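> Could you work out the structure for the sequence below:
(2 chains)
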Amino acid sequence: MLARTSIATRLVLVITLCSALIFAVNLGYNYHRSRVMLEQELESNARNLAGSLVHRVETELVAVAKIVQGMARELETSRHSAQELNSLLKTTLEQNPELFGTTVAFEPFAFNASTRLYAPYYYRHKGKIASSRLETAYRQLPYLYWDWYQIPRELGRMEWSEPYFDEGAGNILMTTCSVPFYGADNGRKQLKGIVTADISLESLTQLVSSVKILKTGYAALLSRNGMVLAHPLKDAVMNETFFSIAEERQDPAMRELGRKMIKGESGFILYKSIVGVRSWMYYAPIRSTGWTLAVVFPEKELLENVTRLSMTMALMGLVGILLLTGAVVSIARSITKPLRSLAAATDQIAAGNFDVELPVVRSQDEVGLLSHDFQVMQGSLKEYIKNLTETTAAKERIQSELKVATDIQASLLPRLFPAFPDRPEFDIFASMDPAKEVGGDFYDFFFIDLTHLCFLIADVSGKGVPAALYMMVAKTLLKSEGQRLGEPSRILSCVNTILAEDNDSCMFATVFCGILHTETGEIQFANAGHNPPLIMDGAGVRYLAPKAGFVLGPMEGTTYATERLVMQPGDTLFLYTDGVTEACNHADELYGEPRLLDLLQKTPREDLVALVHTIRVDVVTHAAGAPQSDDVTMVAITWRGAES
Amino acid sequence: MMRLLWRACCSKELRLLQNTLLLVLLCSSAVAASPLKKATLMPLWSPQAQFAGYYVALEKGIYARHGIDLKILPAGPGYSPEQTLKNGSADFAVLWLTTALRQRADGTQLVNLAQLVQRSSLLLISKKSSGIRSVADLDGRKVGLWAGDLSLPPRIIFARQGIKVREVPQSYTVNLFLRGGIEVTSAMWYNEYHTILSSGVDADELSVIPLHEQGIQFPEDGIYTLERILKKDPALAKAFVAASLEGWRYAFDHPDQALDIVIKQMRAAQLPANRAHQKWMLDRMRDLIMTSTAKGGHGQLNQQEYEAVGQAMRSYGLLKAYPDYSRFTGRSDAGTH
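Numbers count the residues shown, from 1 in each chain, chains lettered A, B, ... in the order given. Below is the predicted model:
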């Protein structure tokens, strides 16, 4: 099961890893997309939030600026007495609850020629409107040198002061809107003084500080110098500038960010906040004062939900993958278990145990099918082996019977040599090697009377058992007729007549039949379609050219001619069947009559046994292992001369 | 305390602790033997790292160790250390050399006990965009000048170069300059220059003319007392100077502690406190105070420079005469020039 190559392990590995990978990719993509979407949404939220805050602050500031500009216009239209000035300031303060204080501060001797400095100041004190005089309230530095006076004076335009703690007059953290006003002096436009309105920074910073974003997000306000005006970090307020914090943190990027802010740019960035938390910040300018409002969203909190969702998804995915792994293991086991028992069973079958019990598989799937097929195969194998055993037994029986038949056939042919040891006038030797167990060739020799030796060689058509049976008949007939008739052509005619009578199977035999007169050496012979024999006499070796004659068996009434040959002492007649000349090698080349003739010319003829044996060896050599296709039969007869 | 003692007893530091305890006992007995002399100091300005040495010496008990029970008086806008010294409300004051010489010329018998800031730290700063590169470029420009003696060195330079600027009195903020109300502002290297940087202006956007590079080697912060007080108790003055210098050395050696002390003082005085700014100031004070070691030990008024300031002020009509160096530094009773 846990083998490295087991199907179950591979399945579990591949499926688990693949699904884990797919899941991880999905999760990652989901996290990324959610984050991007969240950031986009955040940016628009931040933009809207900052926009609405900026709008609220701006509205207030613009309203104040309008009031101060209105006062300046009024002061420019007519000369006001001290009374009128006081009334103007007081009324303005009463009608505009957003103002903390207001003053008209004159240039030296501009109020009148006898008063150098003159600046009545009205402000709120414990819920009531109080008044003082700035030329006396500021003991340490004349009002002429305060930013709220000096900057609009030098620039000649309305200015919002950098927030400051007004020590001496208001004694609160404030910012002042100052507008210079002019009068005509000898026809020349002459600066008369500065009219201002103070607003307490408290209400503005409260507005900004009251903004709560998520859990720890916040809004912050920076002045035109980057001074922190509103921030949850109270220590930084009015103490630190964005740039001093950047310096302390040695963070040039933060300084660059601060410069963008005070230049009046707006933007949405990820940065490390003043309190050191990675946060998203949207910043936007408050145009009238040059301040910057920023809304800050801590990244961690923002991503908390996405992170939590991702963690939950990861956990669910993990559990899912574990379950999946379990399921895969179980399925793999259910598949491999029958396979393994099947493999064990087939091992036994391979070892030859066909009776082994195959595991029972009930499932209808491929494994069930395989198991079923195995069962069928087992049955078929068993049946086949049974048949094979029976067939083999039958074949063995037939073979043993054929062996007996071969023995019988062999025993029918004269096999004892020398055949006639008491007859020195001639020598005879014969051999037959059947192609199958029983052959269709045969030879025979026998005395008809004391001086006439009948010898014959025959080849029955076909081979095997039918040829052998036919041969038995032919041989018996030839011997009996030969002994009765004593003349070759008559013998053949007579045997043909008998054979042709009931020859339904249309078998036939070629026969060369001769009768040697042992005293004269004369040989009478007749041929029934057999190969011409060779004569080896004093003139050499040559093929006889007997009349061909028709084969025995197929046709009644065939006649044969007897021919004569006179042998000289020592001459040899050599008979053979086509099993010699038509022996084939693997290249289907015939042994051939010329080769036989040639070999006989070279071979000494004294010993007939050796002669026949030499030819037999040469035929086997020619065949070079190719199976013998026909019976090989040879008969040699030598006349030695009459008995002296 | 018992636990601490027990732990110390168990450690190898037992001997050290015994020695320390012994030392503490000896010191307290010595203090107990001679009661602390009461003394007061008025710095030139409200608490900031410009006066770190005095606050550190007070906080770290250095004055007490020198037998002084010191009180540092509130200072800043509206306070005049020279007036306070003159009317006897303060025993010691931190003053500029130029202020001291003018006061002396007006009859206040001031004595320089120690000179801390050895050269002028005044800068004339403009925005590069206004095209000012040298003093000559200042001609006809709107230049912010502080009231009083702080404007002396720039005025001397303008007179030397023969240029006329449009003087604008400037206050204690840099906003007039930042908003463009003036083209050039006076600034202390250790203070306003950094304030401008901390308001988002980069150093490379500024054109800075340091006055000491224009031949104005005017020593600035020094410790002064009245001749009368010095005569009455020379040992007190000596001890005060020694303790103050020790306080400065301690502050430079332990800048973080010094900044903590200064910021604590600033918070107590309800002043905006910005550590980065105070650190800059302390670092610059080190540059201004400790460079003088080559010229006869830090804390001393260099006679040549003293003479140079006196001559310069006289030649520009700011003084009729200036006292003899040894008299001015309280070493003899010689008369004035």
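
> right, and residue A:546 touches residue A:524 too?
No - Residue A:546 is not in contact with residue A:524 according to C-beta atoms under 8 Å; the separation is 11.3 Å. Where you see a C-beta, it was placed from the backbone N, CA and C, and this is true even at glycine.

> With adjacent residues omitted, what lies nearest to the residue of the stretch 101-250 of chain A found nearest chain B?
Here the residue of the stretch 101-250 of chain A nearest chain B is residue A:140; by C-beta to the nearest C-beta that distance is 2.8 Å. Closest residue to residue A:140 apart from its sequence neighbours, by C-beta to C-beta, 6 or more residues apart in numbering or on different chains: residue B:78 at 2.8 Å.

> Let me know how buried residue A:13 is, in neighbour terms.
By other C-beta atoms under 10 Å in any protein chain shown, 12 other residues sit near residue A:13.

> Helices of the stretch 201-337 of chain B, start to end?
Using DSSP state H, counting those that start in this stretch, the helices assigned to the stretch 201-337 of chain B run over residues B:227-232, B:234-253, B:255-268, B:275-290, B:303-315, B:325-328.

> nearest to residue B:154, of these?
Smallest distance to residue B:154 across those (C-beta to C-beta): 12.8 Å, for helix B:303-315.

> so what secondary structure elements neighbour the closest one?
Judged by 3 or more C-beta pairs under 8 Å, 6 or more residues apart in numbering or on different chains; DSSP states H and E, the packing partners of helix B:303-315 are helix B:97-105, helix B:152-161, helix B:325-328.

> among these, which is the most enclosed?
Ranked by mean neighbour count under mean count of other C-beta atoms under 10 Å in any protein chain shown, those are led by helix B:97-105, which reaches a mean of 23.

> distance between it and the chain's centre?
15 Å (C-alpha atoms, centre = their mean, to the nearest Å).

> Could you do stretch B:267-282 as well?
For stretch B:267-282 - counting by C-alpha atoms, centre = their mean - the centre lies 15 Å from the chain centre.

> is chain A contacted by that stretch?
Yes - interface with chain A: stretch B:267-282 contributes B:270, B:272-277 (C-beta under 8 Å from any C-beta of the partner chain).

> Need the phi and psi values for residue 164.
Since you didn't name a chain, this refers to chain A. When read as degrees, to the nearest 10, the backbone of residue A:164 gives phi -150, psi 160.

> For it, grab the count of nearby residues.
Neighbours around residue A:164, by other C-beta under 10 Å: 22.

> can you pull the buried residues of stretch A:320-338?
The neighbour-count check on stretch A:320-338 (16 or more other C-beta atoms under 10 Å in any protein chain shown) flags A:321, A:324-325, A:328-329, A:332, A:335-336, A:338 as buried.

> Can you pull out the residues in contact with stretch A:373-393?
With contact meaning C-beta atoms under 8 Å, 6 or more residues apart in numbering or on different chains, stretch A:373-393 is reached by A:342, A:345-346, A:349, A:354-355, A:358.

> and it, what's its mean pLDDT?
Stretch A:373-393 shows a mean pLDDT of 88.

> And the residue of chain B closest to chain A?
Counting by C-beta to the nearest C-beta, chain B gets nearest to chain A through residue B:78 (2.8 Å).

> burial count for that residue?
As a burial measure, residue B:78 scores 13 neighbours (other C-beta under 10 Å).

> residues in contact with it?
Contact analysis of residue B:78 by C-beta under 8 Å, 6+ apart lists A:139-141.

> Most neighbours among the residues you listed, which one?
Neighbour max across the contacts of residue B:78 (other C-beta under 10 Å) = residue A:141, 16 neighbours.

> three-state assignment of that one?
coil (DSSP: H, G, I helix; E, B strand; the rest coil).

> can you give me the helices in chain A?
For chain A, the helices defined by DSSP state H cover A:7-77, A:82-95, A:134-137, A:147-155, A:201-209, A:242-249, A:252-262, A:299-350, A:366-412, A:464-485, A:488-501, A:578-581, A:593-602, A:608-623.

> Pipe those helices into CSV and attach distance to residue A:118 per row.
Shown next, in CSV, are the helices of chain A (distance: least, C-beta to C-beta, whole Å):
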stretch, distance to residue A:118
helix A:7-77, 13
helix A:82-95, 8
helix A:134-137, 6
helix A:147-155, 13
helix A:201-209, 27
helix A:242-249, 39
helix A:252-262, 35
helix A:299-350, 55
helix A:366-412, 110
helix A:464-485, 157
helix A:488-501, 173
helix A:578-581, 161
helix A:593-602, 160
helix A:608-623, 153
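
> Who does the residue positioned nearest the centre of chain B form a beta bridge with?
The centre of chain B sits closest to residue B:221, judged by C-alpha atoms, centre = their mean, with a distance of 3.7 Å. For residue B:221, the beta-bridge partners under DSSP bridges are residue B:96.

> How about residue A:454?
According to DSSP bridges, beta-bridge pairing links residue A:454 with residue A:446, residue A:515.

> OK, contacts around it?
A:444-448, A:482-483, A:486, A:491, A:513-515.
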